[in-house]
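S.K.: based on what follows, work out the 3D shape:
(one chain, ligands or ions: 1)
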Amino acid sequence: MDTSLHGRQALVTGAGSGIGRGCALALAAKGATVIATDIDLATAEETCEQIRAAGGVSDALPLDVAEDSAWESVLATVRERHGAVTVLVNNAALKASVAGDRGLLDSSLEVWDRVLATNLRGPMLGARRVLPDMLAAGTGSITMMTSTAALYGISDFATAYSSAKAGMIGLTRTIAATYGVRGVRCNAVAPGVIMVGDDSASQEAFQRATGGLVERTGVPADIAETVAFLSSDAGSYINGQVLVVDGGITAHMPGLSRSQDS
Ligand SMILES: NC(=O)c1ccc[n+]([C@@H]2O[C@H](COP(=O)([O-])OP(=O)(O)OC[C@H]3O[C@@H](n4cnc5c(N)ncnc54)[C@H](O)[C@@H]3O)[C@@H](O)[C@H]2O)c1
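M.R.: Just a heads-up that it's a prediction; the model follows:
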């Protein structure tokens with residue numbers, strides 16, 4: 001099975017940091033032309049430079065995923081410079097900790113609206129804008145970056161974030177069900193706890209607290225390699241699925257099956 005992405009134009013949202021940057025680098029390493037987008041252009045440009053330094057092809061553009069007109073103009077620019085997008089990674093998100101997204105009675109409606117705009121409306125707009133070109137080409141792959149927070153509740157935290165991430169799964173399946181027969185696949189990847197910084201002490205604390213079954217912390221490359229595989233022909237029989245990449249956190253009940261200090 002071919003894992004190469006030569007000849008593909010891949011757009012990654014939130015590519016200026018963490019998992020998004022990891023996805024951009026992994027897709028480029030497989031041969032895709034990568035359009036690194038982020039609401040923070042300077043960080044997307046850094047990603048783009050890293051790809052070029054490694055011998056890949058990349059361009060950086062500013063994109064606030066919640067803005068439909070921004071999607072329209074970014075995709076027009078990409079079409080003109082590189083050709084139509086055939087791989088979309090809907091990765092950008094507003095994190096619950098950043099948004100002040102807590103329990104339902106402890107968060108404002110403004111927080112709910114802001115989180116839903118970026119984390120659910122954004123991916124929907126992206127898919128809606130790339131689908132016509134993908135359908136015209138008869139091929140395409142859309143990956144939604146959801147979260148294990150869509151599958152399991154976290155007390156007093158991330159009400160809007162978890163709801164948006166669960167919504168992405170419904171969106172994934174309806175896109176797959178509607179457009180799969182016309183060559184466009186749509187899957188979701190659900191990371192567990194992925195360390196995007198390099199603070200090893202807090203990484204170890206996270207590892208213990210989350211009850212993962214793999215004795216190391218998750219890193220962006222774990223997610224990025226999964227996304228690259230799904231985007232390639234090697235993933236061509238996978239459609240409408242949610243791939244959980246969490247080191248086994250959701251495979252068991254941590255409080256019951258594993259001593260926290262073992
Ligand atoms: N890190 C984890 O443990 C983890 C776990 C589960 C799911 N995820 C998901 O993975 C994805 C990436 O997470 P990360 O940890 O790398 O986060 P991060 O905060 O490091 O990166 C998010 C990126 O998205 C960008 N962004 C924010 N709002 C935007 C907007 N409106 N438009 C465009 N870009 C915007 C930010 O500038 C940033 O570069 C997110 O969808 C997140 O929900 C992460």
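
S.K.: buried ones in the least confident helix or strand in the chain by mean pLDDT?
M.R.: For the chain, counting by mean pLDDT, DSSP states H and E, helix 200-210 ranks last in confidence among helices and strands (a mean of 73). Applying a neighbour-count criterion of 16 or more other C-beta atoms under 10 Å, one finds Q203, F206, Q207, T210 buried in helix 200-210. In short, each C-beta sits where N, CA and C put it, glycine included.

S.K.: can you confirm P132 is in a helix?
M.R.: Yes. Counting by DSSP: H, G, I helix; E, B strand; the rest coil, P132 is part of a helix.

S.K.: need the contact list for it.
M.R.: Under the criterion of C-beta atoms under 8 Å, 6 or more residues apart in numbering, P132 has no contact partners.

S.K.: one step back: tell me the first helix or strand C-terminal of the least confident helix or strand of the chain.
M.R.: Moving toward the C-terminus from helix 200-210, the next helix or strand (DSSP states H and E) is helix 220-231.

S.K.: buried stuff in that following helix?
M.R.: Quick answer for helix 220-231 (16+ other C-beta under 10 Å): P220, D222, I223, A224, E225, T226, V227, A228, F229, L230, S231.

S.K.: for the residue of the chain found nearest the ligand, what are its contacts?
M.R.: Closest to the ligand within the chain is G18: 2.3 Å, counting by C-beta to the nearest ligand atom. Applying C-beta under 8 Å, 6+ apart to G18 gives the contacts I194, V196, P220.

S.K.: ok, how many other residues are close to the residue nearest to the first one when sequence neighbours are not counted?
M.R.: In other words, I194. Excluding the flanking residues, the one nearest I194 by C-beta to C-beta, 6 or more residues apart in numbering is G218, at 4.2 Å. The number of residues packed near G218 is 24, by other C-beta atoms under 10 Å.

S.K.: which residues touch G218?
M.R.: Counting by C-beta under 8 Å, 6+ apart, G218 touches P191, G192, V193, I194, M195, G212, V245, D246, G247.

S.K.: quick one, what contacts the first one?
M.R.: When you say that, I think you mean P191. I19, M145, S147, T148, G218, D222, I223, V245, D246.

S.K.: likewise the last one?
M.R.: Under the criterion of C-beta under 8 Å, 6+ apart, the neighbours of G247 are G192, V193, G212, L213, V214, R216, T217, G218.

S.K.: circling back: least confident of the contacts of G218?
M.R.: Within those, the minimum per-residue pLDDT falls on G212 (84).

S.K.: show me the contact partners of stretch 47-66.
M.R.: Taking C-beta under 8 Å, 6+ apart as the rule, stretch 47-66 contacts 13-16, 20-21, 24-25, 28-29, 33-41, 44-45, 70-71, 74, 77-78, 81-82, 90, 92, 117-118, 121-123, 125-126.

S.K.: can we see that at 7 Å?
M.R.: 13, 15-16, 21, 24-25, 28-29, 33-39, 41, 44-45, 70, 74, 77, 81-82, 92, 117-118, 121-122, 125-126 (C-beta atoms under 7 Å, 6 or more residues apart in numbering).

S.K.: now the buried members of these.
M.R.: Buried subset of the contacts of stretch 47-66 (neighbour count, 16+ other C-beta under 10 Å): 13, 15-16, 21, 24-25, 28-29, 33-39, 41, 44-45, 70, 74, 82, 92, 117-118, 121-122, 125-126.

S.K.: out of those, which are inside helices?
M.R.: Mapping the buried ones among the contacts of stretch 47-66 onto helices (DSSP state H) picks out 21, 24-25, 28-29, 41, 44-45, 70, 74, 82, 122, 125-126.

S.K.: E67: neighbour count?
M.R.: 16.

S.K.: how near is the closest residue to it other than its chain neighbours to A137?
M.R.: Excluding the flanking residues, the one nearest E67 by C-beta to C-beta, 6+ apart is L125, at 7.8 Å. Distance from L125 to A137, counting by C-beta to C-beta, to the nearest Å: 20 Å.
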